[in-house]
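S.K.: Have a look; sequence and predicted model below, questions after that.
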Amino acid sequence: MSAELAQHIPPRELAERGASRLTVTGWGRYPRSTAQVWRPEKLSALSAALANASKPVLARGLGRAYGDAAINGGGSLIDLTRLNRMLAFDSQSGVLRCEAGVSFAELLQTFVPRGFFPPVTPGTKFVTLGGALAADIHGKNHHRDSSFSKHVVEFALMGPRGEIKRCSRQENSDLFWATLGGMGLTGVILEIEFKLKRIESAYLECESFALPSIDHVLETFAEHDQRYQFSVAWVDCAAGPRNLGRSIAMFANFAPADRVRRFIGGHPLIVEQRRRLNLPFDLPQFVLNPWTMRSFSALYHLLHRRGERRRIVDLEQFFYPLDRLGNWNRLYGRRGFTQHQCVMPVAEGRDGLIETMEELRRSRIPASLAVLKRFGEQQGMLSFPMPGYTLAMDFAVQTGLAELLNRLDRIVLKRGGRIYLAKDAFAQAELVHQMYPNLAQWRAIKLSADPDRIFSSQLSRRLNLDSGRADACGALPR
């Protein structure tokens with residue numbers, strides 16, 4: 001059944017089939033689209049949904065991709081969050097097998113008290129493991145432990161006709177590497193087997209530095225990255241020329257159990273649950289303006305400069321600070337926001353970061369949040385990381401943003417880098433095709449596994465990932 005015809009199916013008939021028609025967005029709330037949404041609870045229901053859904057089809061988890069990577073206007077979305085069973089765990093090796101709908105929040109709740117932690121975690125725990133694999137997520141430890149793909153043993157993938165393949169480095173290896181970072185376009189990820197890491201406590205020993213410029217930040221990364229498993233820097237992109245790139249850099253390792261008992265008291269693997277606040281309304285658009293951003297950045301830098309340099313914090317504070325505020329994406333108003341995340345190789349990183357921040361200052365479009373990390377070695381056909389520096393910046397959707405992001409993308413391309421597809425909503429296809437040198441190889445494997453292009457997303461169609469064409473993206477709404 002075509003997507004056009006599917007739009008005219010009466011809601012009652014859709015409900016009888018087990019689906020509903022919903023308007024869906026990514027975490028950035030831009031863009032919006034309407035699709036059939038199926039929510040299977042069992043493998044048999046998933047197979048039926050795939051057979052009956054209007055095409056094209058895309059699997060979706062908790063929807064934390066920022067742009068249009070997890071939306072599918074005119075087609076169907078298969079919501080996997082009810083397929084969230086943990087199937088097997090080997091406490092000796094730390095290998096866990098679970099369904100793709102398991103979230104990091106569920107993983108933490110189950111395994112942290114047992115002394116295990118995900119080998120890689122994103123900046124929110126409200127991400128499914130299927131989404132983590134599809135986007136090949138990275139964390140604050142990429143310089144030491146690479147991305148999620150390094151720790152995956154195997155996974156099960158459902159193809160367009162409902163067939164299931166086991167994929168590993170030895171079995172269906174081409175499909176294995178095309179799916180890791182393949183943005184859900186090679187099939188529906190069903191089960192994942194990966195290795196957790198052991199921890200003594202749920203707390204981290206953290207050391208922070210208030211640094212006056214980007215040169216000091218990069219020097220501090222080089223000095224401390226080998227001693228610390230986790231590193232990140234909050235960057236003030238609104239600072240003037242003399243303090244360009246001033247930052248708060250933070251480095252951390254998991255704390256030994258005896259030190260946590262001595263300084264914190266209580267069980268070292270138990271974190272006190274804090275009340276989660278919720279933002280019940282959209283902030284007015286005028287709140288996020290250049291003046292407020294400069295003022296907030298200056299205050300944040302001042303407070304950290306005067307604060308404690310060394311401290312012990314729990315893992316919720318260090319890894320997931322924004323999760324304490326539910327619906328924090330409403331801070332950006334009704335039009336939504338996007339994140340521009342790029343990586344540039346080490347040799348080009350310093351000059352590329354400076355060029356990026358100077359372009360931001362000229363544009364007068366404020367980045368409300370900017371985070372810098374260092375990446376290490378990486379494998380994968382469409383995986384985002386490469387050895388170098390990655391800068392992620394949040395922007396409210398506004399007039400002139402698409403033009404600014406295009407200029408930033410061209411800086412990234414000139415410097416030999418690339419942007420993160422899981423965060424993108426505005427990139428031009430011709431630039432993205434040049435950023436990902438393995439795209440042709442990935443495309444051949446994708447089309448072999450899915451010759452009729454059943455699996456698709458608005459991202460893949462906007463960027464023509466599996467067709468080879470390179471059309472420009474659409475304009476901002478007025």
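M.R.: Nice, I can see it.
S.K.: tell me the domain boundaries of the protein?
M.R.: The chain breaks down into these domains under automatic domain parsing: 3-79, 86-198, 203-430.
S.K.: what about the ones you listed, which gets the closest to Gln458?
M.R.: Closest to Gln458 of the domains of the chain, according to CB to CB: domain 3-79, at 3.8 Å. No exception for glycine: its C-beta is placed from N, CA and C like everyone else's.
S.K.: so how far is that closest one off the chain centroid?
M.R.: 21 Å (CA atoms, centre = their mean, to the nearest Å).
S.K.: re the thing from before, quick one: closest of the domains of the chain to Phe455.
M.R.: Of those, nearest to Phe455 by CB to CB is domain 86-198, at 5.1 Å.
S.K.: Report the mean confidence score over that closest one.
M.R.: Average pLDDT, domain 86-198: 98.
S.K.: What separates the first and last residues of that domain, distance-wise?
M.R.: Domain 86-198 stretches 18 Å from its first residue to its last (CA to CA, to the nearest Å).
S.K.: What does Leu211 show for phi and psi?
M.R.: Phi and psi for Leu211, reported as degrees, to the nearest 10, are phi -120, psi 140.
S.K.: thinking it is in contact with Leu244, fair?
M.R.: No - using CB atoms under 8 Å, Leu211 is not in contact with Leu244, being 11.6 Å away.
S.K.: if you count what's nearby, which of the two comes out ahead?
M.R.: Leu211 (23 against 19; other CB atoms under 10 Å).
S.K.: wait, doesn't Phe89 sit right on Val102?
M.R.: No - using CB under 8 Å as the test, Phe89 is too far from Val102 to be in contact (11.7 Å).
S.K.: nearest to Leu447, of the domains of the chain?
M.R.: domain 86-198 (10.0 Å).
S.K.: Please enumerate the helices of the stretch 51-200 of the chain.
M.R.: Along the stretch 51-200 of the chain, counting by DSSP state H, counting those that start in this stretch, helices occupy 104-111, 129-134, 142-145, 173-179.
S.K.: ranking those helices by burial, who's on top?
M.R.: helix 129-134 (a mean of 28; mean count of other CB atoms under 10 Å).
S.K.: Output that one in PDB with nothing but the alpha carbons.
M.R.: Output in PDB follows, covering the C-alpha atoms of helix 129-134 (Å, rounded to 0.1, in the frame of the first residue of the first chain):
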ATOM      1  CA  LEU A 129      19.900   0.300  23.000                       C
ATOM      2  CA  GLY A 130      18.500  -0.100  19.500                       C
ATOM      3  CA  GLY A 131      18.900   3.700  18.900                       C
ATOM      4  CA  ALA A 132      22.400   3.500  20.500                       C
ATOM      5  CA  LEU A 133      23.400   0.900  18.000                       C
ATOM      6  CA  ALA A 134      21.800   2.600  15.000                       C
END
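S.K.: if we can go back for a sec, Phe89 and Val102: who's more crowded?
M.R.: Between Phe89 and Val102, Val102 has the larger neighbour count (other CB under 10 Å), namely 25 against 16.
S.K.: any idea how far the more buried one lies from Thr128?
M.R.: 7 Å (CB to CB, to the nearest Å).
S.K.: which residues are common contacts for these two?
M.R.: Shared contacts of Val102 and Thr128, defined by CB atoms under 8 Å, 6 or more residues apart in numbering, are found at Asn84.
S.K.: So which residues of the stretch 101-250 of the chain form strands?
M.R.: Using DSSP state E, counting those that start in this stretch, the strands assigned to the stretch 101-250 of the chain run over residues 116-117, 152-158, 164-168, 188-195, 197-198, 203-211, 230-235, 247-254.
S.K.: tell me which strands and helices the fifth one is in contact with?
M.R.: This points to strand 197-198. Using 3 or more CB pairs under 8 Å, 6 or more residues apart in numbering; DSSP states H and E as the contact test, the elements touching strand 197-198 are strand 116-117.
S.K.: ok now the strand it packs on, how far from the chain's centre?
M.R.: Between the centre of strand 116-117 and the centre of its chain there are 20 Å (CA atoms, centre = their mean).
S.K.: Partner strands of it, with direction?
M.R.: Here strand 116-117 is paired, per DSSP bridges, with strand 197-198 (antiparallel).
S.K.: Not counting the partner strand itself, show me its contacts.
M.R.: Residues outside strand 197-198 that contact it (CB under 8 Å, 6+ apart) are Gly94, Gly115, Phe116, Phe117, Pro118, Pro119.
S.K.: change it to 6 Å
M.R.: With CB atoms under 6 Å, 6 or more residues apart in numbering as the test, strand 197-198 has contacts from Gly115, Phe117, Pro119.
S.K.: what's the nearest residue to Gly131 once chain neighbours are set aside in contact with, if anything?
M.R.: Leaving aside its sequence neighbours, Gly131 sits nearest to Gly61 (CB to CB, 6 or more residues apart in numbering; 3.9 Å). The contact partners of Gly61, by CB under 6 Å, 6+ apart, come to Leu80, Thr128, Gly130, Gly131.
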